[in-house]
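1. Fold the following, please.
(chains A and B)
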Number of protein chains: 2
Amino acid sequence: MQSNAKFHSLLCPDSIAIVGASRNPAKLGHVVVSNLIRSGYKGTLYPVNPAGGEILGLSVIPSIGELPSPPDLAIVALPRDQVLDAMRELETAQVSAICVISAGFRETGRDGFELEMKMAELARRRNITLLGPNSLGLVNTACGMDATIAQTLPSKGSIAFFSQSGALCSAILDWADGENIGFSKFLSLGNKAGVSEADVLEALGDDPETKVIIGYLESVDDGDKFLREARVVTGKKPVIMIKAGTTQAGARATSSHTGSMAGSLVASTAAFRQAGIIEVHDLEALFALARSFSSQPLPEGPNLTVVTNSGGPGILAADACEAAGLNLARPSQKTLDILSEALPPFAAIYNPIDIIGDAKADRYRVTLEAVAQDEFTDAILVLLTPTASAEIEETAQAVIDVAEGCDKPIFACFMGGQRIGPGRDMLIKAGIPCYGYPEPAIGAVEAMYAHYRWLNRPYPVEVCFRRDKGRAERIIEKAHRIGLAELPFEDAMEIAMAYELPIPETRLVRTSDQAVRAAKKLGYPVALKVVSPHLRSKSDVGGVALNLKTPRELRDAWMEITTRFQRKQPDAYLAGCLVQTMGPLKAREVLVKFTQDPQFGPLVSFSLAGPSAEVLGDVAYRLAPLTLQDAQDIVREIRSFPLLRGARGEEPVNLAAIEDILLSMSQMATDFPEIREAELSPVLVDAEAALVTDLRLTIG
Amino acid sequence: MQSNAKFHSLLCPDSIAIVGASRNPAKLGHVVVSNLIRSGYKGTLYPVNPAGGEILGLSVIPSIGELPSPPDLAIVALPRDQVLDAMRELETAQVSAICVISAGFRETGRDGFELEMKMAELARRRNITLLGPNSLGLVNTACGMDATIAQTLPSKGSIAFFSQSGALCSAILDWADGENIGFSKFLSLGNKAGVSEADVLEALGDDPETKVIIGYLESVDDGDKFLREARVVTGKKPVIMIKAGTTQAGARATSSHTGSMAGSLVASTAAFRQAGIIEVHDLEALFALARSFSSQPLPEGPNLTVVTNSGGPGILAADACEAAGLNLARPSQKTLDILSEALPPFAAIYNPIDIIGDAKADRYRVTLEAVAQDEFTDAILVLLTPTASAEIEETAQAVIDVAEGCDKPIFACFMGGQRIGPGRDMLIKAGIPCYGYPEPAIGAVEAMYAHYRWLNRPYPVEVCFRRDKGRAERIIEKAHRIGLAELPFEDAMEIAMAYELPIPETRLVRTSDQAVRAAKKLGYPVALKVVSPHLRSKSDVGGVALNLKTPRELRDAWMEITTRFQRKQPDAYLAGCLVQTMGPLKAREVLVKFTQDPQFGPLVSFSLAGPSAEVLGDVAYRLAPLTLQDAQDIVREIRSFPLLRGARGEEPVNLAAIEDILLSMSQMATDFPEIREAELSPVLVDAEAALVTDLRLTIG
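-> From the prediction side, this is the model:
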C-alpha cells in the first residue's frame, strides 16, 4: 500500500491524533485510544481533549492548535456539530488524513447532509484524505493499528474487508475471531463523503499484504471510476462483494439508512460482471468464499473429484456439482487401478469415490494421494461423516499431508458437530477450508473456477465503430432546439443510418395512393405501419400489417390499420404510415436497447422481442462501451439463447449480425449521453442477416 | 405411535434380541448393546452369540433357538451371508420386528440383491416388520431406546428423523448434539426391503411425541402410497424433506449407492407439493427449518417486522423478504406512536425498524413489545450486531420475555461469533431459533407461512369428468391388437371426443380437390395440415398452413406443404392432409400433456406452446388425478402466466377452459395407464374458449 500516497497517511500513519479522546470507557473517544494501545500501535498517539490530563497513560493535549507536530492521521469522535470546526483546525494543523467516527450527517436528513457536504468540500480543497463520517474506523494489522470503535481486535491475515455498514463490521470481527480468519486491512467507509469504494479498491489492489478483497456496498458513487479500478484490481486478486438493496424493499430500506440511492440492480450486476468482481447474495457466501480464495489455489478446470465415506452426502455433492455447471472428473486409468487395489470390493471407485462407512484414515489417505496425482482432476472435495469407524483427526491429517504436495485446490466438508470439531479445527488452521455441508463447498469451487476463467479470458477487444457522428449530432441538436423528447421516426431512422444499422428501405406516406406508389418502387411484399407521436408500441394498437403482396392487400391494410388506430386513440395525431420492404419471414425477433443508468452510465440490454422475455425476465445487460467479447457474451447469456443457436434442428441465426448491432448501439450510447433511451424492436434476424425494422430514440 | 400395531414392536419393544452381539468393542454387535445400555433401555435385552459368556454384564444366549421367550424386536448384526438363516430362525422364534444392520445387499450387485429379495419375501409372508438391511438402526427417545451403531446418543425432543443414508444419520446426531436439538424418533431406513418411507410417515404421523418430521430420501418406492400417507400426515404436522439425486450426476451416484433409481425430479417435486411436503435442497435448510417449525407457531400472514440495531443487515433482510414473497409489515399508528416516543430521533421507525447502533437492551425491549402487539405484524425477526453498546445477553432475555406472551412467531439473528455466543445459547435454549445471517431466518418464515397456507387451503374438490370410457377403450384395444404405438390422428381425435375435449371440425382428405370440397362444407377460413405416421411435429417440417381464406389459397397451400414435406422426408408415407376450421386467430397457444412416471404414475404438465417454454424450463407439473385446485394452480404456476392473465392491457384468456382440458386429461391418464403419453399442442385459447387443434397419443 506504500505506493499509494493518498492512502499512506490514512493506513500507515506515523502519528495519530484522537480528537475527542475521553477518559470515560463508555465513550467512543476512549475506545479508539484503548484499541490503538491494545493493538500495539508503534507510532505516536496524541489524545486531544480540552479537559487535559491523562488517558490510559498518555498525556492529553488540550486543543488541536497545541499539537507538537502535524499528525499524519486524525480520528474525530466529537458530537456532530463540532466536527466541521475540528476539521478546519486540523487543516490548519496540516493533518493529511481524517477519519470521522461521529454520526448524524447525511443519514439523518437535510441539516446533516449539508454539514457533510461542507466537510467533503473542505477535504477536497485541501487534499485531505477523509474517511467517513459515520465510520467505525479502520484497521491495518501490518502495523498493529486498530483505530476502530469495535470491541474485537482482528487478527493478522490476508483478507481485506471494506464495508459501507459499520455495524456489520462489528459482526464480522466478532465472527472472524471464532473462525480463525485474519485480516490485512479493515475499513468502514461510512457515508463516503471523501474516500469512495473506488479509492479503497485501488489502494487494496496495491497492498502486498492483501490476497483477497471482500466488500459490502449499498450504493456505488462513481460507477465509471469504480468499474475502471475494479477491472485493474480483479486482474491482481479476487474481489468478492455483496450489494445490498437489490430489491424494491431493500432499496427503500437503503435510502432510509445511509441516505444513498441503491440504484439499478441490473446495472450493478452488469458492472460487477464486466469488472470481474465476484458477486454474492448473502453474507454466508461472502465469508465462505473469502476463506477459500485466501487459502487455496484456483482450480484450472471444471473437473471435481469427490471422496466420501458416505453415499448420501456424495449424491448431494454430485447434485450441487451439476447445478453449478461443474463436472465430476473421470478418474484416470492409473487412479482406477490404484483404487481397485486399495479399496474394499463394495467401494465405488468412480467419482464420487465412496470409500464406504467403515473407512479409517488410511483409506482416505491412499485415495487422496491417487486423486492428487490424477491429471483429469482439477479440484478435490473430501467429505466425512462421523461413522463409528471414522478416524477424524487422522483423516484431517491425511488431508493436510496430501494438500502439502498438491497443486490442486482441496476442500473439506466434515459433517457433524462435536465429534468432527477437532478435525475441522486442524484443517482450518492448516489453511484448508472446511464446510459443514457439501453445497457451500461446491459453491466455492464454482466461484474460484469462474475467477480462473476471468484471469485467463481473451484480451478485451475494444471496438470503435465507423459512424457519421456529425450527421447524428445535427439531428439531435435540432430535436433539442424544438424541445422534442422522442425523435420522429424519420429522424431516428437517419441516426440509425449514421450508425450504419441495417434498416429496411422505408417511405413515409400520407395516403393509400402514395403507399401503393411507394410499394411499387420498393417491390412487394411490403409492411405497412402507422406513424404517430402518440403511439407507444405500434403492435399494441394493431397498427402494423405485414407481408402485403399486392396493391389490393396494401389498400385493404391501410383502411384496416388506420381505422383501428383512430378508433382506439380518437384524439391522437396520425402522421401517416410507413411502407417498408419486408424483412426475412422466418426470422427470429430480438430486442436491443440502451438506457442511461444514473450510477453506471449507458446500459445495453438484449433479449428476444415480445412480452415473454419481459415477463420471464430473460434479459441480459452490459454497460457500454462493450468489448467484442461483451457483445458475444450478452447474446449467449439469455436463457433463450438455444432458440437463436437453433433448437430442434433449426438453422442458427447470424449471431455476428446481432453483435454488430449491439456494438453500434454501444457506440451510440457512448457518443451521445443525451440519448436517454434507444430501443430497436423488433430486430429480425435469420441465418443470413439482421434487420432493424423499428426503433425509438428518446433524448433528454 | 402406539396406535400403529405394525410399528409397535419395532419402536416400543418390551424385549430386544441382539443377534451377533459381541464382546469386542470394535464390532457393531457390541456397539448396539452398549448403546442400548447407555441410553437407559428399560426392557429385556438378549445378546445372542454362539460363544456365550457375558457382554457388558448381560449373559449371552448361544443361539436364537434358546431364547427364553419371543422378543418383540431383533437387531441383526451378522456377516451378510448369515443374515437370511438368522431371519428364518427368528421367524420360528416368533419375533415381530427385525432390524438388519448388516450391509452388502442390493447396493453391492446381483448376489446381494437376490439375498435381499429373499429376506423381504420372508418378512412379507410372515408379517414381520423388517427395517433395513444396511440400516444404522433406530432410536426412540421416549422409551430410552438407542438401538443404533452410531457414536452419539441423541437427546430427547420433538423432531423425528428418517433417512435412507446411514452415514448421514451419524453426521446429524453429532451435529444435533452441539446444537441443543432433540429427537423423538430416529430411523435409518437402509435399503428399505421391508419398511418403506410411506410406512414410516404413517407411523410418525400418529406419534404423539413428534411435532416435526424431517427426512432424507434418494428414491421413493411406492409413489402412490407415499403420496396418500403424506397428504394425511402433512395435515397433522409439518414434513420437511430433502430428495437427493435430483440431477443426472446425482442420479448416477444414487444408483451406485443404494442400487435404487432416483426417478424423475419433476415428478417427485410435484408429488411433494401436492402432498404438502416442504421440500428443501440442502441439509442446512433442512435443519434450519426443523428447528423453527419445532419451536415456533406458524405465521398467519405474510407480514414480517424486522427490528435491527444496524442498517446493513436490515437491508439484507428486506432484500431476502421481497425475494421470498413476504411483505415488510406496515407498523400500526399505535406502534408508530410508541416508537417515536421511545426511540432516538435518528432511528427508523418504519420497517425495518432500525433502533441504531448505540441501542442497548431496553430499546429492543420496548420496540419488540410494541411490535408483538401490532395487529399488522404476523412474524418478527430480531437482528443484532455486536456493536460497542450492544447488551447481548440482556437483549436475548428481552426477546425471550416478549416471546413468552406473544402468539406470533419470533426469530432471532445474532450476527457474529464469540461475543454473541452466550445470547445465542440463551435463545436456543428458550426455543427461539437464532440464525447467524438474515437470509436463512427469512427462509424459515417463508416455509412456515407456506405451511400455514397449506393447512388452510380450500377443501380439495375431486373432479370426475364426464366421458364415454367405453368408446375410448374400444379404440385403444384396436390399437393394441394391431400393435400400434402412436394412435392415428383420427383415432386420437375420437378419444378426444369421448373425453369431450374441444376440437375443431376436421376432415381427412387425400387430394386438393377433396380439400376444397371439405373446406366448402366447413366454411372458410380453414387450416391445412399434413398427416403422416412418420411425422413428429407438424410445424417442424413446415407441414401446416393456417388461415386459408379462399379455394385458391387452399390449393396453393396444398402444393406448398406437401411438396415441402416430401422434400424434407422423401421416404415418409404421406397419408393425406387434414382440413380444419380455424381456431381464434388472436389466441395464445398452450400445451397440455401427460406421461406415466415409473414411481408416481400419471404426470400432467402445462406450459405455453412453442420451443421457448421448453428451452426456459417454464413448465408446471402435477400428478393425476388433479383436483380442481390443482388445475387452477398448475395454470398459474408457470412464470409466463402474466401472458395468459393479460399483460400490457390485453384481454385475459379463458382460464376455466384450460382448466377443464387439464381435468379431462387427468381423467384420461387415470382411466388409461396404458396411454403412455398424450400431448395436446397447441391448444388455442382466447377470451372466449379453448380449442385443441392437434393431439398425439402414444400407447404401450
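2. Can you name the residues of the stretch 601-700 of chain A sitting close to chain B?
-> Counting by CB under 8 Å from any CB of the partner chain, the stretch 601-700 of chain A comes close to chain B at A:608, A:611-612, A:614-616, A:618, A:639-640, A:642-643, A:647-649. Backbone N, C-alpha and C define where each C-beta goes, glycine included.
3. now, which of these lie within strands?
-> Assignment to strands by DSSP state E places the following of these there: residue A:608.
4. and stretch A:344-357, which residues are buried?
-> By neighbour count on 16 or more other CB atoms under 10 Å in any protein chain shown, the buried set for stretch A:344-357 is A:347-349, A:351-357.
5. how distant is it from the center of its chain?
-> 40 Å (CA atoms, centre = their mean, to the nearest Å).
6. Just give me the residue closest to the centre of chain A.
-> Centroid check for chain A by CA atoms, centre = their mean gives residue A:272 as the closest residue, at 2.4 Å.
7. Can you tell me what sits against the helix or strand hosting that one?
-> Here residue A:272 is covered by helix A:265-275, with elements defined by DSSP states H and E. The contact list for helix A:265-275, computed with CB atoms under 8 Å, 6 or more residues apart in numbering or on different chains, reads A:220, A:223, A:226-227, A:230-231, A:234, A:239, A:241, A:243, A:246-247, A:277-279, A:597, A:599-600, A:603, A:605, A:619, A:621-623, A:630.
8. Tell me the residues of the stretch 101-250 of chain A that contact chain B?
-> So far as CB under 8 Å from any CB goes, the stretch 101-250 of chain A lies against chain B at A:103-104, A:107-108, A:149-152, A:163-168, A:170-179, A:216, A:218, A:242, A:244-250.
9. Just the buried residues of those.
-> By 16+ other CB under 10 Å, these give A:103-104, A:107-108, A:149-152, A:163-168, A:170-177, A:216, A:218, A:242, A:244-247, A:249-250 as buried.
10. Give me the below-cutoff pLDDT ranges for the stretch 201-350 of chain A.
-> Along the stretch 201-350 of chain A, the model assigns pLDDT under 70 to residues A:254-263.
11. ok, which stretches of it are strands?
-> Per DSSP state E, counting those that start in this stretch, the stretch 201-350 of chain A carries strands over the ranges A:212-217, A:239-243, A:278-280, A:303-308, A:327-328.
12. which residues of the stretch 1-150 of chain A fall in strands?
-> Counting by DSSP E, counting those that start in this stretch, the strands of the stretch 1-150 of chain A are A:15-19, A:44-48, A:54-55, A:58-59, A:73-76, A:97-100, A:129-131, A:137-140, A:145-148.
13. Turn these into a markdown table, including mean pLDDT.
-> Formatted as a markdown table, these follow (pLDDT from 0 to 100):
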| stretch | mean pLDDT |
| --- | --- |
| strand A:15-19 | 97 |
| strand A:44-48 | 97 |
| strand A:54-55 | 94 |
| strand A:58-59 | 95 |
| strand A:73-76 | 97 |
| strand A:97-100 | 97 |
| strand A:129-131 | 97 |
| strand A:137-140 | 96 |
| strand A:145-148 | 96 |
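14. Nearest to residue B:394 among those strands would be which one?
-> Closest of the strands of the stretch 1-150 of chain A to residue B:394 is strand A:145-148, at 23.4 Å (criterion: CB to CB).
15. List the contacts of the closest one.
-> A:12-13, A:16, A:32, A:35-36, A:38-39, A:41, A:43, A:73, A:75, A:99, A:136-139, A:153-154, A:169, A:186, A:188.
16. from the middle of its chain, how far away would it be?
-> For strand A:145-148, the distance to the chain centre is 29 Å (CA atoms, centre = their mean).
17. which outside residues touch the helix or strand just after it?
-> Using DSSP H and E, the helix or strand that follows strand A:145-148 in sequence is strand A:155-163. Applying CB under 8 Å, 6+ apart, the external contacts of strand A:155-163 come out as A:141-142, A:169, A:172, A:176-177, A:181-189, A:197, A:200, A:204, A:207, A:209-216, A:290, A:294, B:312.
18. Report the buried members of those residues.
-> Looks like the contacts of strand A:155-163 have A:141-142, A:169, A:172, A:176-177, A:181, A:183-189, A:197, A:200, A:204, A:207, A:209-216, A:290, A:294, B:312 buried, using 16+ other CB under 10 Å.
19. Below-threshold pLDDT in chain A: ranges please.
-> Checking chain A against pLDDT under 70 turns up A:1-4, A:254-263, A:534-541, A:648.
20. Residue A:358 against residue A:389, yeah?
-> Yes - counting by CB atoms under 8 Å, residue A:358 touches residue A:389, with 4.5 Å between them.
21. one step back: take the buried residues of stretch A:344-357 and write them to CSV, including distance to chain B.
-> CSV is the format used below for the buried residues of stretch A:344-357 (distance: CB to the nearest CB, whole Å):
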residue, distance to chain B
A:347, 10
A:348, 5
A:349, 10
A:351, 8
A:352, 5
A:353, 10
A:354, 7
A:355, 11
A:356, 8
A:357, 5
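22. mind listing which of these are in strands?
-> A:353-354.
23. Tell me which two of the buried residues of stretch A:344-357 sit farthest apart.
-> A:351 and A:357 (18.2 Å).
24. Buried subset of the residues of the stretch 601-700 of chain A next to chain B as a PyMOL selection?
-> Only the buried entries of those go into this PyMOL selection, using 16+ other CB under 10 Å:
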select buried, chain A and resi 608+612+614+615+616+618+639+640+642+643
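25. which among the residues of the stretch 601-700 of chain A next to chain B gets closest to residue A:509?
-> residue A:611 (29.5 Å).
26. I'd say that closest one and residue B:641 touch.
-> No - Residue A:611 is beyond contact range of residue B:641, at 12.0 Å (criterion: CB under 8 Å).
27. Assign residue A:377 to helix, strand or coil.
-> At residue A:377 the chain is in coil, as set by DSSP: H, G, I helix; E, B strand; the rest coil.
28. how many neighbours does it have?
-> 24 (other CB atoms under 10 Å in any protein chain shown).
29. Now do it against chain B, distance only.
-> 15 Å (CB to the nearest CB, to the nearest Å).
30. Assess the claim that that residue and residue A:304 are in contact.
-> Yes - assessed by CB under 8 Å, residue A:377 is found in contact with residue A:304 at 7.4 Å.
31. Spit out the residues that contact these two alike.
-> Shared contacts of residue A:377 and residue A:304, defined by CB under 8 Å, 6+ apart, comprise residue A:329.
32. Show me how chain A divides into domains.
-> Using automatic domain parsing, the domain parsing of chain A gives A:5-292, A:303-455, A:469-581, A:588-699.
33. Need those domains in a markdown table (columns: distance to residue B:481).
-> Output for the domains of chain A, formatted as a markdown table (distance: least, CB to CB, whole Å):
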| stretch | distance to residue B:481 |
| --- | --- |
| domain A:5-292 | 59 |
| domain A:303-455 | 44 |
| domain A:469-581 | 48 |
| domain A:588-699 | 34 |
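34. my guess is residue A:623 meets residue A:601, correct?
-> Yes - the criterion here is CB under 8 Å, and residue A:623 meets it with residue A:601 at 6.4 Å.
35. more neighbours, the two?
-> Between residue A:623 and residue A:601, counting by other CB under 10 Å, residue A:623 is the more crowded of the two (25 against 20).
36. beta partners of the more buried one?
-> On the basis of DSSP bridges, residue A:623 is bridged to residue A:603.
37. for it, what are its contacts?
-> Listed by CB under 8 Å, 6+ apart, the contact set of residue A:623 reads A:223, A:227, A:267, A:270-271, A:274, A:597, A:600-604.
38. ok, of these, which one's closest to residue A:579?
-> residue A:604 (30.3 Å).
39. Which residue is the nearest non-sequential neighbour of that closest one?
-> Leaving aside its sequence neighbours, residue A:604 sits nearest to residue A:594 (CB to CB, 6 or more residues apart in numbering or on different chains; 4.6 Å).
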